Each structure stands twice: as C-alpha cells, then as structure tokens.
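Peer 1: sequence unknown, structure follows:
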Ligand SMILES: Cc1cc2nc3c(=O)[nH]c(=O)nc-3n(C[C@H](O)[C@H](O)[C@H](O)COP(=O)(O)OP(=O)(O)OC[C@H]3O[C@@H](n4cnc5c(N)ncnc54)[C@H](O)[C@@H]3O)c2cc1C
Ligand SMILES: Cc1cc2nc3c(=O)[nH]c(=O)nc-3n(C[C@H](O)[C@H](O)[C@H](O)COP(=O)(O)OP(=O)(O)OC[C@H]3O[C@@H](n4cnc5c(N)ncnc54)[C@H](O)[C@@H]3O)c2cc1C
Ligand SMILES: Cc1cc2nc3c(=O)[nH]c(=O)nc-3n(C[C@H](O)[C@H](O)[C@H](O)COP(=O)(O)O)c2cc1C
Ligand SMILES: Cc1cc2nc3c(=O)[nH]c(=O)nc-3n(C[C@H](O)[C@H](O)[C@H](O)COP(=O)(O)O)c2cc1C
Ligand code: FES
Ligand code: FES
C-alpha cells in the first residue's frame, strides 16, 4: 500500500450528502452553476443494479422529511461508464455499499480509480419490505463492521470515510471504524427511522413502510453524534443532517466536523437555487469565521 | 393480588404526556376549562426530591423541541400531600421512576392508592451531567427492565403502563415489559436525544448538554414504534409524540394506539388555549370516526 | 401532505386514455405537475389537464389502475411542483398524443392560441372540440383518420410568437429542427423518471438539470445545452436507456 | 432561537440593582417577559424595563452575574412570552422595589399615568425622574429617605381608572385589600419559578394557571380564584414554599 496522505482537500469544506443530486452529470451541472461545494458524493454504489423501493419513496410530513429510497443503484458498469464520460472538476467521493461482506471491497476496487475518496454507507435505515435491511445488519454488528472497514481499507489507499447511523451505538461503531482504518467518520445517515400514515388511505405512505428522517428537525440528533464522537476521538468528521443555513454549518463545525454535507435543504429548489444556497451558506460561514479558513471553528463548542 | 380489570377507562381516550402540565392543581384547572382529556398523567414521581437540571432546560430549535428537564420531582411527601388536598375528577395516572431497582416498587406503593394507574418511566433520555443517566440504564438493560416491571406489577393491582424509549430495541423491551406484567405499553418517551449549539455562545444550549426531542417533527419515530409494537403484540398502547392536530391523533390510533397523549403541542398556549386545543382534537377525531367511539380506528393502518 | 380528492367522473377519451375529474380544483401554473398517489398502486408524476382533472394514458400498472377508478374513489396529490409555462398570448401549441394533456391547462389561460395536434389516429387527438373553441386547430394523424395524414412535424413551420410543445421526446426533438421561432421563445415540457418530484433523488436528471425542479418546462435554448435531451434518460435504477 | 444582543451600558441603579442596555430593541407588549440566557450562568425570566434594556436586582447567582456584565458582552433572549397589560389610559401604577421594572415599559405607552412607588429606601425607588416626567409620582420608603415614611400600601386608596401592580407578592396582596377599583380593572404581574417559560414544564403553576402563558399579568378577579396567590409557590423541585 503506497503511503499517501489520506486527507480530503475540499475547498470549501462542503459536499452534498450521498443520495442527493446523485449523478455525475448533476455534479457537473452544479459546478457550472458555481455551487460552493468543494466536492461531491455519489449516490451509494452497490454491487449490482437495483431499483430500490417504488414510489412513494419520499414523504414530507410538513415537519420532517422521510425517505425510503432503499439504495437504488445503477449497475456498476454504468457507474464506471459515467465516471469515464462525465468528468467532474471537483473531487468526487464514491459512496459504496455491499450486500455481503466480500462485496464491499469488490465495489471499491471497481470504482476507486475514479474517485478522490471512498465513503462506506454503513448506516442506511431503509430497506425494501421483504428484504433484510442491508445496512442495519452491518451497522448493528460490530464484528461485521470491523471486517467491512478492514476490507475496505485494504482495497483503497485513498481517504476512507465510515458513514455511520445516528440510530445505533455510534461511539462503539466509530471506535471500530477508526481501529479498522477509517480516516473520517461520516456523521451520519438519516435518523429514526420513522413511519407516516395517511389517515384517508389508512396505511403507511412510504412503500418501504418506514423511512429515514432528514432535514432541519433531525439536526440535533446528528449534531450530538458529531459532538460525542469528536469529544471521544478528535477524529476528522464529515457531518450530515439538517443543514440549511450557514448557522447550521457553523454549528456542525463547532460540534467537531471539518466537512459539512448538504442534503434535504435542496428540496423544492432548482439547481440554480441549490447552487445559490451553497454560496450563501459558504459566504455566511466565512463571514462568521472572519476568514476563508474556517478550521479554527472546528470543535469550538467543546469547553 | 385481587383480580381487578386492568383497564384504563378514559373518556375521551386522551391524556397529557407526563412532564407536561405536571401538577394536580393544573389538572384541576384544565378540567375547569373543560379540557377534552379523559385522564391526566403526573410528572414522573421519584423516590426523593430533586431539581433536575437548571435552566436552560428546554430549547425550541424552530424545527423541533428539545428538553433536558432530567426528572425533577418534589419529595414524595409533597406529592402525597397534593394527592390528598388537590382532588382531580378525572382518573390520574401516576408516572414513577426509581434510581435503583428497589426504589420503583417503593414509590409505587407510596402513591398507588391515589391514582387510577401507574406509568413506569422507563425511557427518559435526559440526565444531569455528571450523574449516570437513570433511565437509560433501565431502558438498555433487559434484565433490569424485567426486574423493575416485575416488582412494579407486584406492587400494584392497578393498570400498569410501561413507557418505553423509541431510541432502543423497543420490540425486545416491549416483550419483556408485557411478559413481566405490564398492561399497556407507553410509546414512547422523547426521541433522539439531540444537542443544539448556540453558535454565538459556542456551546451547547441545554445545561443538560443533550435533550430528548419532542413535537411534530418526531411523530414519525413514535408512530413507527406504535406500528411495530402493535403488529408484533396487539397490546394496548398509549401513544405519545408530536400530536398537535386531530389528524395526528387518528394517525396514532390507526398505527395501533388506543389512548393518545398530548405534550409539546401545549407550548406557547395559555391553559384556556390548551383546553380548546384538546377539544378540537377530540372533536376532529370523532368527526373522522363518525362516532363518539373511535375504537374501530385502532390498528386500521395494518393491512 | 397529500391533498385528497374524490373522483366524480372517469371519462374515456379513447380505449387507452382517460380523464379523471375531481371534486375539487387544484391551483397550479400550467406546466407544473403533481405526484399522484394511489395507495397500493404507487405514485407517479402527472400534469393537470384541467384545474379539476388529469388525463392519463395507459403505459403500465399505475396508469392501468387510473383507468379503472370509479366515481367516489379517491386520489392523493402532492404538488404543484416544478416550473411551468409563461402565461403569454400568441402561443402555438404542438401536442403529440397524450402530450396535449400537458398543454391543456395553458390553452385556457392565454390569448390567441393555435393548435397543431398529432397522433396515431383520430382517437388520440384529445380535446379536439374544446380546443377548437379557443383557436384554430390543425391535426395530423398517422392513419389519416383525422386531419392530414402524417406527423405533426409535417404541419411545420407555422406561425405563433411563442411555442409550447409536449409529446414524445423524439417528436419534440424533430419539431425543434423545423421551427423558425427564436429558441428562447420555444417551451417544451419534458419527462424523466421521477422518484421524489422535489429535487432530492436526482433520478430525473437530464444532462444534470433536474427536470422536477428546473423543469419540466425548458426553453429550446436551454435544451440545446442538454445533450441528453432526445437521446437518453435514466431509468428506475439510474441506468441509462436510449430514447 | 435566541436573539443575541450586546450590552452597551450597565447602569447601576442602586448597590443591588442595575439596568442593562442593549444594542438593539425587542418588541414586546408591556408585561410580557423574556427568558434571558447567560451561557454558563443559566437562564431566568425577566421583563424588559425599556425596549432596549432590563433592570435586575441581585437575588442570587444569575442576577449577580448580570450585575458584572460589561459593555461589549452579550446576552441571549428568547421571547417575548406570556400575556401582558392592556394598553389603556388612566393607569394607577403601584410598584414595589424592583417590581417597578415590570411596569416601566407600560408607563411609556399609556396616557395619564400616576405612580405610587415603594421601597426600603430612596435607592430602591427606580426611574423616579423619568416617571415624574410622565405623571404624578408619590413615594413611600420604609426609612423615610424619600417621600412618605411607610409602605406603598399606606398611599392607598388612590385614583386611577385601571391599576397596574408589580412588586413583592405580599405587598401586592396587601394592595388588593385597599384598592377601591373594580377587580377586573386591577392588573398584577406575578412571579413563579419558571423553567421553560412556554407552558411545558408546569413549574410556574399558580393554582393551576400557568404564569408563563396565562400570565404573568392577571386581573384581581382572576387572582381571587387563585388561592395560591399570596400564599405559596412551587420551587425548583416542584415542592411548595410559603410566600
Ligand atoms: C412531469 C410529468 C408529467 C406527466 N404528465 C402526464 C400526463 O398528464 N398524462 C399521462 O398519461 N402521463 C403523464 N406523465 C407520464 C406518467 O408519469 C407515466 O405515464 C406513468 O408514470 C406511467 O406509469 P405506469 O405504472 O403506468 O407505467 P410503468 O410500467 O411504470 O412505466 C411505463 C413508462 O412510463 C414512464 N414512467 C413510469 N414511471 C415514471 C415516473 N415515476 N416518472 C416518469 N415517467 C415514468 C417510463 O417511460 C416508463 O418506461 C408525466 C410524466 C412527467 C414526468
Ligand atoms: C415574569 C417574570 C419577570 C421577572 N422580571 C424581573 C425583572 O425585570 N427584574 C428582576 O430583577 N427580576 C425579575 N424577575 C425575577 C428574576 O427572574 C429572579 O430574580 C431571578 O431568576 C433570580 O435568579 P438568581 O440566580 O439571581 O437567584 P436564585 O438564587 O436562583 O434565586 C433567588 C430567588 O429568585 C427567584 N427565582 C430564581 N429563579 C427563578 C426562575 N427561574 N423563575 C422565577 N423566579 C426565580 C426565586 O424567588 C428564588 O428564590 C422576574 C421573574 C418573572 C417570573
Ligand atoms: C432522498 C435521500 C436519499 C439518500 N440516499 C443516501 C444514500 O444512497 N447513501 C447514503 O449514505 N446516504 C443517503 N441519504 C442520507 C443523506 O446523505 C444524509 O446523510 C441525510 O439525508 C442527512 O442529511 P440532510 O438532513 O441534510 O438530508 C439519503 C438521504 C435522502 C433524503
Ligand atoms: C418538558 C418535557 C418534560 C417531560 N417530562 C417527562 C417526564 O417527567 N416523564 C416522562 O415519562 N416523560 C416526560 N416527557 C416526555 C413526554 O411525556 C412525551 O412522551 C414526549 O414529550 C413526546 O410527546 P410530545 O411530542 O407530544 O411532547 C417530557 C417531555 C417534555 C417536552
Ligand atoms: S424526481 Fe427526484 S430529483 Fe427530480
Ligand atoms: S415555566 Fe414552564 S410551564 Fe410555565
């Protein structure tokens, strides 16, 4: 394994959350729209093409966003074709998952040449009814987590992010992930999960029955996750969850994150508005920090 | 143990959540205001007086409510004095907790003569920094949970509600609670917990550092809890979490609850407005149900 | 967050196309769309053809279920979403098959409309009489059963200050090459496979623009910079399929 | 959800009372209150004495910390909360000690105010000159260092169409028995131990009414049906303490 710096150089330290924007041509377009994202994260790439759940797969209760996409992914060949034909200027992080332990390094070795880093999706709470939840199994099993991260570490010399669920014993999971060689912790995937019933239909709305919570309302859950993990490990953290203003991004920095991801805030916005939002967030962060470098804010809420 | 029907007769099937309204004279007053609550739940009564956390103990992020009251309770003698001097027309459910296993039945035996039922607070995520979280210990330990519910069952012949946390393996906890003699499952306490940082202060807002999430945004979390537990056990369920309209209450009935609790929806309202809100919720439920009896809606979302 | 309506009429437009009328109206700008949920059957994007109705052509399970709906049954809508047409007078409408449904609402809201409609046969020419009341209608059918025998593109070029096109993507692409209006005055409503309808899932990408929030209406000048238009789209898994 | 302000002046009113002036104003109806947070020190309920300032009397740790604040330091407020005074002309104000702070904002907003102020000594009579510019001021001090020697109740009965009272609860209760106005025209601002300030925790109950959302201003007729007034309050644990 060559010794390379396992550090993501992202300017600004903002990315999209995996599963939002998803595809390389969307990243290209947001770049053209001058989005203030220092890098992009792909939709989670799995070992073989699958559609995930059928719609309804997102539901906005009016107070929180639920989704049960359940890891749709185009076949890995299509991803590779996209990597080859749709070059993105900014670093692209490949989010990956496997259904079985040995699939994780397989997927990574197929895509790692094309990406600046690998994010392991270890914490998606969604599933297709009837299937066993892929992620919950990994996220809840320390042994499997250790194995998966270890295999992933062996499969790439690039920065490795272990994206965890806020809904498990994340301190234990973070320790395992770091021990097994993760460079960054991703804090975190969607919260809950939750379930919404439409009372006129008298049934759950999402075809996946339940779905992960995202958006502003769940931010405190992931801020706590970042805060707790930073306090315990002082490890580099990529934070996701409910960021929609620069204040929210600063909150995550202060909790201990060094990179902040944006997701549900893109809802209902055109790509032009999304790009503008990222600029507003980045400008606000710099104004608050008093500089283009915001690293001095990282962990500032820890007394 | 005399064989009594362990069933709560509440008309309407609505209560306040424990920790909201709290005191007997507030229940009296809401009754005078013609609140459409069929019963009241006390603030959780502990073995000895304690103030819990100092303010700030609640924080409204604008998207979700956090609280870290951390189980303040007046001394049990004061509670008993209140039970004696402040009679409430409607059934009052005594919410209780202990710091050590043997304290639970002690508290119950002190208060059970004055109440229509006992609710065990097995799932509060809040704590006073420095203290070990009382509830998390019970909620996360199957053995302790079994012992506590068993002792509680032996200490009262009245309806016994095991109020659980949505943040643990609640199916396992529910099974234990039912096996150990609980008549109802309380689904559930606050979600998360979460943490909010004020960026100008660069520190967590709540003096308890983190706090449980309540209010509209977390409703899907507890609806899922009710749905899952009902599907598994068809047990009587008292649901709490994010109810602020009659539609929300119906959603919980359809998920499987037979009694619905109201909490954070009372925020920012005068007692008169609280009482009016409860009437609106109850009227809407009856209108939707087409009758004063709404039991046919219980579990309706299960196909 | 769904708005629920009750079907009051299910009108058969032709053997594979029906219009569902609701007991209420929805406010949407012409060209915007709704995600329509039929519990058990799924959720799909639809434009409204009327403030109180949508026209659907059977393409698979969901649209087949819409065909079977009876008065009294319910439908769940969330929206309106996306960017619609501008409300300007002097529109030339070009509709192919059920695509004309996506223009129907606009036709009622603008002055001096003119219509070019195309379809396989007379049955596919929707709203013929209603539109004739609003402005001149010229028709092309492949079998010649109504209007000219041929394709709607055979009716081009034609007048109109602005153009609104909705129909099969290849037909729309073909129209573009025959129109003489400035590209910024030509508006096309396009379709991509939509999962969320609100800019989250990315599946509706057309050359990186999200059809659900950037569109579904784009100008011809915008589409020029979207090479996937007329060429390929992402399916359920995200994989490409040719158009 | 806090609004942050910066202290521009910390004015010492007397050795144990200070007024903090902010760099901004807050809009609140007179009688409403804010929860004031000083990170590290805690959070407590306060009325505003000015649109841009509050007056605080040292009662313990928190108020001691307020006393020490320097210009340039920050203060966090959430609110305004609760029900304030009606804005009517012809108010008789009765203020005891720092209680007059709770009336200060109202005095500026109503016509024909008259003031009865009481305190231990001259130092406790806040805003004397400011109020004298608005209307007649009569003062009673226990040591006779200003105005009449005695209690503010000794100045009663007195005129005024409406009455606004704020001060120690026993003093307020004593006033009630000496006032001749109709109880529905007498408004009192009362205090209870507040944890949340927004109707959730129940700790501020006074005979079952929540002082934070039903009050803090009540009429004398309301207080008649609240036997705990003048008698007892719940402390930090919820346990009763006598007044
Ligand atoms: C903005 C917009 C407006 C539309 N308005 C209308 C309308 O007014 N009338 C009408 O008949 N149709 C309209 N459609 C197309 C309609 O959504 C599809 O016909 C419908 O989804 C087919 O579903 P199905 O289950 O019957 O067929 P399937 O068997 O699911 O699919 C058949 C074909 O329909 C298309 N399709 C399926 N699902 C989707 C989806 N989620 N998003 C986009 N396309 C899909 C694909 O091309 C697919 O190959 C619109 C589509 C979009 C994107
Ligand atoms: C609606 C309202 C408006 C108020 N406005 C003012 C004002 O304008 N100026 C002013 O000086 N004071 C005001 N107070 C009182 C002020 O809140 C207390 O003086 C302050 O909380 C004392 O805090 P401490 O830490 O200094 O004292 P502590 O040592 O905590 O307590 C001393 C005493 O202060 C009171 N107190 C403490 N905490 C609270 C609390 N959370 N809620 C209510 N009372 C409490 C109790 O009587 C307690 O015994 C107001 C109180 C209320 C309820
Ligand atoms: C529609 C949707 C799809 C998502 N898909 C993925 C995914 O494929 N892989 C993943 O790791 N996280 C996925 N997530 C989680 C997000 O990346 C992010 O962690 C989460 O939504 C919290 O951030 P937010 O509140 O800003 O949306 C998805 C979230 C949403 C809303
Ligand atoms: C301020 C506050 C205090 C609470 N105190 C208690 C408590 O003492 N015991 C308990 O079992 N639950 C307590 N809870 C939880 C509520 O009873 C309820 O389960 C939860 O708030 C979800 O309902 P809601 O969203 O309607 O508020 C408290 C909640 C709040 C907001
Ligand atoms: S349909 Fe999901 S982003 Fe457009
Ligand atoms: S202070 Fe909490 S209810 Fe009034």
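Peer 2: That came through fine. Quick caveat: nothing in here was measured; it's all calculated off a predicted structure. Numbering: from 1, shown residues only, chains lettered A, B, ... in the order given. Ligands and ions are numbered 1, 2, ... in the order given.

Peer 1: what's near enough to touch the residue of chain C found nearest chain B?
Peer 2: Going by C-beta to the nearest C-beta, chain B is nearest to residue C:40 of chain C, at 8.9 Å. Backbone N, C-alpha and C define where each C-beta goes, glycine included. With contacts defined as C-beta atoms under 8 Å, 6 or more residues apart in numbering or on different chains, the neighbours of residue C:40 are residue A:203.

Peer 1: mind checking how far it is from residue C:76?
Peer 2: Look at residue C:40 and residue C:76: by C-beta to C-beta, to the nearest Å, they are 11 Å apart.

Peer 1: all helices of chain C, in order?
Peer 2: All helices of chain C, identified by DSSP state H, fall at C:61-68, C:101-107, C:128-132, C:169-178, C:220-224.

Peer 1: the first one packs against which elements?
Peer 2: The one in question is helix C:61-68. Helix C:61-68 makes packing contacts with strand C:17-22, strand C:33-38, strand C:42-47, strand C:53-57 when contacts are defined by 3 or more C-beta pairs under 8 Å, 6 or more residues apart in numbering or on different chains; DSSP states H and E.

Peer 1: tell me what angle that helix forms with strand C:33-38.
Peer 2: Interaxial angle of helix C:61-68 relative to strand C:33-38 (axes from the mean of the first three to the mean of the last three C-alpha atoms, to 10 degrees): 80 degrees.

Peer 1: hmm, helix C:61-68 in reach of ligand 1?
Peer 2: Yes: using C-beta under 6 Å from any ligand atom as the criterion, contacts between helix C:61-68 and ligand 1 involve C:61, C:62, C:63.

Peer 1: buried sites along stretch C:215-224?
Peer 2: Neighbour-count burial for stretch C:215-224, counted by 16 or more other C-beta atoms under 10 Å in any protein chain shown, picks out C:215, C:216, C:217, C:218, C:219, C:220, C:222, C:223.

Peer 1: in those residues, find the pair that's most separated.
Peer 2: Spanning the widest gap among these are C:216 and C:220, at 14.4 Å by C-beta to C-beta.

Peer 1: list the contacts of stretch A:280-293.
Peer 2: Contact partners of stretch A:280-293, identified using C-beta under 8 Å, 6+ apart, comprise A:12, A:14, A:36, A:243, A:245-247, A:249-250, A:253, A:262, A:294, A:296-297, B:199.

Peer 1: quick one: contacts for the closest residue in space to residue C:81 that isn't next to it in sequence?
Peer 2: Sequence neighbours aside, residue C:197 is the residue nearest to residue C:81 in space, at 5.2 Å (criterion: C-beta to C-beta, 6 or more residues apart in numbering or on different chains). Residue C:197 is in contact with A:58, C:33, C:35, C:45, C:78, C:79, C:81, C:82, C:212, counting by C-beta under 8 Å, 6+ apart.

Peer 1: stretch A:68-78: which residues count as buried?
Peer 2: Using 16+ other C-beta under 10 Å as the test for burial, stretch A:68-78 gives A:68, A:69, A:70, A:71, A:72, A:73, A:74, A:75, A:76, A:78.

Peer 1: most surrounded residue in the residues of helix C:61-68 next to ligand 1?
Peer 2: Using other C-beta atoms under 10 Å in any protein chain shown as the neighbour test, these are led by residue C:62, with 20 neighbours.

Peer 1: residue A:53 reaches residue A:206, doesn't it?
Peer 2: Yes: judged on C-beta atoms under 8 Å, residue A:53 makes contact with residue A:206 at a distance of 7.4 Å.

Peer 1: overlap of the contact sets of those two?
Peer 2: Contacts common to residue A:53 and residue A:206, judged by C-beta under 8 Å, 6+ apart, are residue A:68.

Peer 1: phi, psi of the residue in the stretch 101-250 of chain A that ligand 2 sits nearest to?
Peer 2: Nearest to ligand 2 in the stretch 101-250 of chain A, going by C-beta to the nearest ligand atom, is residue A:220, at a distance of 23.5 Å. For residue A:220, the backbone dihedrals (degrees, to the nearest 10) come out as phi -60, psi -30.

Peer 1: please report how far it lies from residue A:303.
Peer 2: To residue A:303, residue A:220 is 19 Å away according to C-beta to C-beta.

Peer 1: what about these two, which has more around it?
Peer 2: Using other C-beta under 10 Å as the criterion, residue A:220 and residue A:303 rank with residue A:220 on top: 35 against 8.

Peer 1: whichever residue of chain C sits closest to ligand 3: what's it in contact with?
Peer 2: Using C-beta to the nearest ligand atom, the closest approach of chain C to ligand 3 is made by residue C:200 at 4.2 Å. Counting by C-beta under 8 Å, 6+ apart, residue C:200 makes contact with A:19, A:20, A:58, A:65, A:67, A:263, A:264, A:266, A:267.

Peer 1: and for residue A:302?
Peer 2: Per C-beta under 8 Å, 6+ apart, neighbours of residue A:302: A:227, A:230, A:231, A:256.

Peer 1: determine which two of those residues are furthest apart.
Peer 2: Pairwise distances across the contacts of residue A:302 peak at 7.3 Å for A:231 and A:256 (criterion: C-beta to C-beta).

Peer 1: the more surrounded of the two?
Peer 2: When residue A:231 and residue A:256 are compared for neighbours, residue A:256 comes out ahead with 28 against 14, by other C-beta under 10 Å.

Peer 1: so how far is ligand 5 from the closest residue to that one other than its chain neighbours?
Peer 2: The shortest distance from residue A:256 to any non-neighbouring residue, by C-beta to C-beta, 6+ apart, is to residue A:230 (2.5 Å). Separation of residue A:230 from ligand 5 (C-beta to the nearest ligand atom, to the nearest Å) stands at 32 Å.

Peer 1: and if you look at residue A:59?
Peer 2: 13 Å.

Peer 1: cool, and residue A:125?
Peer 2: Applying C-beta to the nearest ligand atom, the value for residue A:125 to ligand 5 is 20 Å.

Peer 1: for chain C, what lies in contact range of chain A?
Peer 2: Listed as neighbours of chain A in chain C under the rule C-beta under 8 Å from any C-beta of the partner chain: C:1-2, C:4, C:35, C:37, C:39-40, C:42-44, C:74, C:76, C:78, C:81, C:83, C:194-203, C:205, C:207-210, C:213-214, C:228, C:234, C:236-240.

Peer 1: what about the helix or strand harbouring residue A:192 and chain B, any contact?
Peer 2: Taking DSSP states H and E as the criterion, residue A:192 maps to strand A:191-194. Yes: part of strand A:191-194 sits near chain B under the criterion C-beta under 8 Å from any C-beta, namely A:191, A:192, A:193, A:194.

Peer 1: who does that strand pair with, and is each partner parallel or antiparallel?
Peer 2: Sheet pairing for strand A:191-194, assigned by DSSP bridges, gives strand A:211-214 (antiparallel).

Peer 1: any part of the partner strand near ligand 5?
Peer 2: No: judged by C-beta under 6 Å from any ligand atom, strand A:211-214 and ligand 5 are separated, with a smallest distance of 13.9 Å.

Peer 1: quick check: pLDDT value at the residue of chain A positioned farthest from its centre.
Peer 2: Relative to the centre of chain A, the most outlying C-alpha is that of residue A:200, 34.1 Å out, by C-alpha atoms, centre = their mean. If you check residue A:200, the pLDDT there is 98.

Peer 1: what about stretch A:58-68, average pLDDT?
Peer 2: For stretch A:58-68, mean pLDDT rounds to 98.

Peer 1: now that stretch: buried residues?
Peer 2: For stretch A:58-68, by 16+ other C-beta under 10 Å, it's A:58, A:59, A:60, A:61, A:63, A:64, A:65, A:66, A:67, A:68.

Peer 1: which ones are touching the first one?
Peer 2: Applying C-beta under 8 Å, 6+ apart, one finds that residue A:58 lies in contact with A:65, A:66, A:67, A:68, A:69, A:211, C:195, C:196, C:197, C:198, C:200, C:201.

Peer 1: residue A:53 and residue A:206 - which one has more neighbours?
Peer 2: Remark: of residue A:53 and residue A:206, residue A:206 carries more neighbours, 27 against 24, as counted by other C-beta under 10 Å.
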